[in-house]
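*Asks:* Based on what follows, work out the 3D shape:
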Amino acid sequence: MNVVFRVDSSLAMGSGHVMRCLVLAKELRARGADVHFICRDHPGNIISLIKNSFFRVTVLAQPDEVTLNVENEYASWLGVGIYVDSEQTIAAIGCEGVDWLIVDHYSIDNRWHSVLRGSTKHICVIDDLANRTHDCDILLDSNYTDLSARRYATRTPYDCNLLLGPRYALLSKSYQSISRMPRQRDGSIKNILIYFGGSDHYNMTGRCLEALSLPEFIDISIDVVIGPMNPHHELLNDFTTSRKNIRLHMGLPNLASLINTADLGIGAAGVTTWERMCLGLPSIIVTIAENQKPAAIALARDNYISYLGEHSDVTIASIREAVVQKISDQKGVVAEVARAMSIVDGCGVNRVVEFIYPTNIRNVSLEHLGERVLPRSLGLNPTVSNQPVSVTKVDLFTSNLKQSCEHLMQFHIGVLSLGYVFFSMEENGIRVQYNFDDLVISRGWDAKFLGKAVRALDQNFALIDSQNIKIKDQSIWNNYLYMCPESHELSKESGLKIAILSHPSSWLNEYIYEILKHWLDQGHEVLWVHDKLELVPGDFCFYLGCEQIVSQDILCQFKNNLVVHESDLPLGRGWSPLTWQIIQGSNSIPIILFEAAESLDAGKVYIKDVMTFTGVEVIQEIRSIQGSATINLCKQFVDEYPSLVINAKDQVGEPTFYDRRTPIDSYIDANDTVKAAFPILRVSDYERYPAFFNIDGVRFKIKIEML
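*Replies:* All right, here's what the predicted structure looks like:
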């Protein structure tokens with residue numbers, strides 16, 4: 001994968017845009033991407049830092065001293081006209097184009113993006129202004145604001161992936177590593193860290209030092225960090241040299257170690273806010289740009305930080321007062337630490353990379369956490385992206401885990417947690433609670449993860465204290481009762497009681513996880529069993545991949561008993577209708593959901609659909625189409641109940657019947673051509689009923705897969 005970053009730095013812009021792009025670039029390179037930067041040679045740039053990180057950089061010429069006709073305060077930051085810059089960027093990319101173009105520049109908007117569309121497959125924009133229109137596939141804004149997605153509703157394409165909020169903050173690996181075992185803070189303040197960005201044009205650093213030079217702070221150790229572009233470095237060096245409790249640092253690669261050892265941070269809003277919050281450093285924030293104000297105000301309102309105001313309003317006296325207040329409120333400082341760490345876990349860059357360079361589901365790990373305390377990032381899929389995770393909920397979940405017969409499982413890619421599944425044994429079955437990341441849901445992995453967790457629990461059944469639970473055939477599914485997760489605020493009175501009966505080895509079981517997840521989310525109770533004697537009365541029972549004959553006594557326990565059949569009933573009743581029709585050459589095959597009746601496949605029809613095949617699918621692809629169609633019919637019945645029952649139709653016409661298939665039906669004449677044998681090869685299951693042929697009295701079986 002080829003990735004290009006278009007980003008600049010300067011005395012006016014500062015270094016923040018480049019620094020966050022470097023974090024993302026390093027993670028993409030670690031995944032195997034070829035990364036290339038395109039930057040303009042502005043005064044005070046940090047292009048050398050990009051090169052020192054071993055990235056290829058194309059440097060665009062320094063702009064001439066000309067007056068530009070600008071439309072907003074940031075437009076002049078580009079240094080040239082927007083179309084001039086776009087053409088120069090195209091030339092730097094080259095004729096072959098790239099997979100991703102990542103743009104972090106306040107001067108660039110949809111006009112520039114549209115010109116570059118011919119040179120890239122995808123565009124990702126990093127922004128925090130929400131003041132212009134973008135033509136992009138991903139928009140990343142890690143700000144914490146009340147407006148959230150509404151800020152970009154009319155400024156991005158309808159199908160743009162919006163990655164919004166601090167959970168997507170681009171922090172370097174060092175923060176991620178420390179955050180996994182953060183320092184335990186007691187609220188006392190003995191060490192203060194001051195950092196106002198790479199340039200600190202207004203010398204807020206000097207103002208803070210004056211405030212902290214007062215005699216009452218003589219016992220506090222102070223670390224001061226400035227960037228190489230800071231125009232006040234000589235003055236600050238002179239100021240700090242004569243004071244033993246102050247240490248001056250310049251050009252550090254990151255602040256992680258200093259943030260971790262500090263007890264209080266004073267600095268500018270921006271990406272450093274997330275770095276401090278990630279490591280639980282209580283903070284006093286000053287805004288040095290207008291675009292920083294909304295997030296600072298919102299964070300202060302929700303007690304994540306202390307906000308002093310705009311730089312022009314901050315005085316030595318107000319800085320002193322804020323520090324004294326922090327020192328005197330040890331309990332409040334500890335509470336701020338817990339709140340801050342709950343919304344920034346240091347894995348933002350991993351989340352963003354998953355949208356650009358996604359991991360294959362086969363590489364997702366499942367870990368059984370047992371009775372360990374939950375990680376702080378439990379709130380994976382908040383209803384409102386910028387709302388804090390409820391600490392009460394986390395504490396409750398953790399205390400529940402300490403009880404017996406309860407199991408917590410975590411899905412993750414490296415350090416990035418993708419979700420949790422929590423099982424707790426109850427008298428009438430097992431309660432499941434789950435919380436999946438938006439990333440998981442957007443890829444349709446949630447049902448697969450739920451199924452994988454259940455299978456893992458089943459395989460580790462010896463871990464479960466089952467003295468109060470009756471288990472048959474060593475299968476956890478025999479009395480597995482799913483109930484609505486407590487995390488969903490749905491009334492149980494409005495939910496339905498749904499049962500599913502399937503054969504324990506049916507291939508369709510893999511698809512049943514999807515409807516389990518779907519119905520759980522809707523607030524229904526779901527019982528899935530493999531033995532008809534385990535069924536309990538309810539509203540509906542779906543018989544999917546079921547080979548048992550169910551008596552009228554069992555059918556009477558439910559309002560409706562539903563079966564799915566792949567033929568145009570009453571034609572094609574009986575066994576394996578889909579297989580017989582494919583062998584006969586049909587590529588358009590009806591699929592019907594109907595009411596089970598005492599006579600074979602003779603009940604009222606509720607829903608009819610059609611499966612379409614190309615004629616070249618083999619068993620894996622055939623089952624995928626059949627499984628999806630089956631699940632969709634089941635979902636539709638529950639979603640549209642009771643109207644579908646009211647409008648049910650009787651079967652009309654003379655029935656025909658398919659016989660049960662036997663092994664001989666998979667026999668192939670060794671003298672046949674492959675094309676002649678292909679209909680049987682398509683539907684053969686290599687493990688259960690393989691296609692076979694005989695030569696000289698020796699039997700051979702055939703395995704076929706689509707490449």
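*Asks:* how does the chain divide into domains?
*Replies:* As assigned by automatic domain parsing, the chain contains the domains 2-164, 173-343, 359-469, 487-658, 663-702.
*Asks:* Worst mean pLDDT among the ones you listed?
*Replies:* The stretch with the lowest mean pLDDT among these is domain 359-469, at a mean of 64.
*Asks:* on that earlier part again, any idea which of the domains of the chain gets closest to residue 352?
*Replies:* The closest approach between residue 352 and any of the domains of the chain, judged by C-beta to C-beta, belongs to domain 2-164 at 6.1 Å. Bear in mind the C-beta positions are built from the backbone N, C-alpha and C, glycine included.
*Asks:* Which element, helix or strand, includes residue 224?
*Replies:* Element membership of residue 224 [criterion: DSSP states H and E] is strand 221-226.
*Asks:* how about the domains of the chain in CSV, adding mean neighbour count?
*Replies:* As requested, the domains of the chain are exported to CSV (neighbours: other C-beta atoms under 10 Å):
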stretch, mean neighbour count
domain 2-164, 18
domain 173-343, 19
domain 359-469, 16
domain 487-658, 17
domain 663-702, 14
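*Asks:* sorry, back to before: which other helices and strands contact the strand holding residue 224?
*Replies:* strand 191-195, helix 204-212, helix 233-241, strand 246-250 (3 or more C-beta pairs under 8 Å, 6 or more residues apart in numbering; DSSP states H and E).
*Asks:* got the residue ranges for the strands in the stretch 401-550 of the chain?
*Replies:* Assigned strands in the stretch 401-550 of the chain, in chain order: 406-413, 416-426, 429-436, 480-482, 497-501, 525-529, 538-543 (criterion: DSSP state E, counting those that start in this stretch).
*Asks:* Export the ones you listed to CSV and append columns for distance to residue 234.
*Replies:* Converted to CSV, the strands of the stretch 401-550 of the chain look like this (distance: least, C-beta to C-beta, whole Å):
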stretch, distance to residue 234
strand 406-413, 47
strand 416-426, 43
strand 429-436, 53
strand 480-482, 68
strand 497-501, 74
strand 525-529, 71
strand 538-543, 77
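*Asks:* So which of these is nearest residue 683?
*Replies:* Ranking those by proximity to residue 683 (C-beta to C-beta) places strand 538-543 first, at 22.0 Å.
*Asks:* relative to strand 497-501, how tilted is that closest one?
*Replies:* Strand 538-543 and strand 497-501 are oriented at 20 degrees to each other (axes from the mean of the first three to the mean of the last three C-alpha atoms, to 10 degrees).
*Asks:* Go through this structure and flag its longest helix.
*Replies:* helix 619-639 (DSSP state H).
*Asks:* Run the chain-centre distance for the helix or strand following that helix.
*Replies:* Moving toward the C-terminus from helix 619-639, the next helix or strand (DSSP H and E) is helix 643-646. Distance of helix 643-646 from its chain centroid, counting by C-alpha atoms, centre = their mean, to the nearest Å, is 37 Å.
*Asks:* follow-up on the earlier one: quick one: which of the domains of the chain is nearest residue 350?
*Replies:* Nearest to residue 350 among the domains of the chain is domain 359-469 (4.0 Å), distances taken as C-beta to C-beta.
*Asks:* So which of the strands of the stretch 401-550 of the chain is nearest residue 173?
*Replies:* Among the strands of the stretch 401-550 of the chain, strand 416-426 comes nearest to residue 173, with 12.1 Å by C-beta to C-beta.
*Asks:* Tell me the helices and strands packed up against the closest one.
*Replies:* Taking 3+ C-beta pairs under 8 Å, 6+ apart as the contact cut, strand 416-426 packs with helix 348-356, helix 391-401, strand 406-413, strand 429-436, helix 438-442, helix 446-459.
*Asks:* Tabulate those (CSV), appending distance to residue 306.
*Replies:* Compiled in CSV, these are given as follows (distance: least, C-beta to C-beta, whole Å):
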stretch, distance to residue 306
helix 348-356, 23
helix 391-401, 19
strand 406-413, 34
strand 429-436, 31
helix 438-442, 30
helix 446-459, 39
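*Asks:* Nearest to residue 549 among those would be which one?
*Replies:* strand 429-436 (25.4 Å).
*Asks:* Which strands border the closest one, and is each parallel or antiparallel?
*Replies:* Looking at strand 429-436 with DSSP bridges, its partner strands are strand 416-426 (antiparallel).
*Asks:* For the partner strand, output the C-alpha coordinates as CSV.
*Replies:* Extracted in CSV, the C-alpha atoms of strand 416-426 (Å, rounded to 0.1, in the frame of the first residue of the first chain):
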residue,chain,number,x,y,z
LEU,A,416,-6.3,-2.4,20.5
SER,A,417,-9.3,-3.8,22.2
LEU,A,418,-12.2,-4.5,19.9
GLY,A,419,-14.8,-5.7,22.3
TYR,A,420,-15.8,-7.8,25.3
VAL,A,421,-18.2,-10.7,25.8
PHE,A,422,-19.2,-11.4,29.4
PHE,A,423,-21.0,-14.6,30.4
SER,A,424,-22.7,-15.2,33.8
MET,A,425,-24.4,-18.4,34.9
GLU,A,426,-28.0,-18.1,36.0
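*Asks:* How about the secondary structure of residue 131?
*Replies:* Put simply, residue 131 is coil when judged by DSSP: H, G, I helix; E, B strand; the rest coil.
*Asks:* Now the phi/psi pair for it, please.
*Replies:* When read as degrees, to the nearest 10, the backbone of residue 131 gives phi -120, psi 10.
*Asks:* ok, now how distant is it from residue 318?
*Replies:* 29 Å (C-beta to C-beta, to the nearest Å).
*Asks:* just residue 549 next, same as before
*Replies:* 81 Å.
*Asks:* Out of the helices and strands packed on strand 416-426, which is closest to residue 517?
*Replies:* Comparing the helices and strands packed on strand 416-426 by C-beta to C-beta, helix 446-459 comes nearest, at 4.2 Å.
*Asks:* which other helices and strands contact that closest one?
*Replies:* Applying 3+ C-beta pairs under 8 Å, 6+ apart, one finds that helix 446-459 contacts strand 365-370, strand 406-413, strand 416-426, strand 429-436, helix 509-521.
*Asks:* May I see the ones you listed arranged in a markdown table, with distance to residue 213 as well?
*Replies:* Converted to a markdown table, these look like this (distance: least, C-beta to C-beta, whole Å):
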| stretch | distance to residue 213 |
| --- | --- |
| strand 365-370 | 49 |
| strand 406-413 | 47 |
| strand 416-426 | 43 |
| strand 429-436 | 48 |
| helix 509-521 | 58 |
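*Asks:* quick one, which of the ones you listed is nearest to residue 5?
*Replies:* strand 416-426 (21.8 Å).
*Asks:* Now do that closest one and helix 348-356, the angle between them.
*Replies:* Going by the same axes, to 10 degrees, strand 416-426 makes 100 degrees with helix 348-356.
*Asks:* Dump the domains of the chain to a markdown table, plus distance to residue 350.
*Replies:* Rendered in a markdown table, the data for the domains of the chain read as follows (distance: least, C-beta to C-beta, whole Å):
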| stretch | distance to residue 350 |
| --- | --- |
| domain 2-164 | 7 |
| domain 173-343 | 8 |
| domain 359-469 | 4 |
| domain 487-658 | 24 |
| domain 663-702 | 38 |
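*Asks:* Which one, of these, ends up nearest to residue 349?
*Replies:* Per C-beta to C-beta, nearest to residue 349 of these: domain 2-164, 4.9 Å.
*Asks:* Next, the distance between the ends of the closest one.
*Replies:* 25 Å (C-alpha to C-alpha, to the nearest Å).
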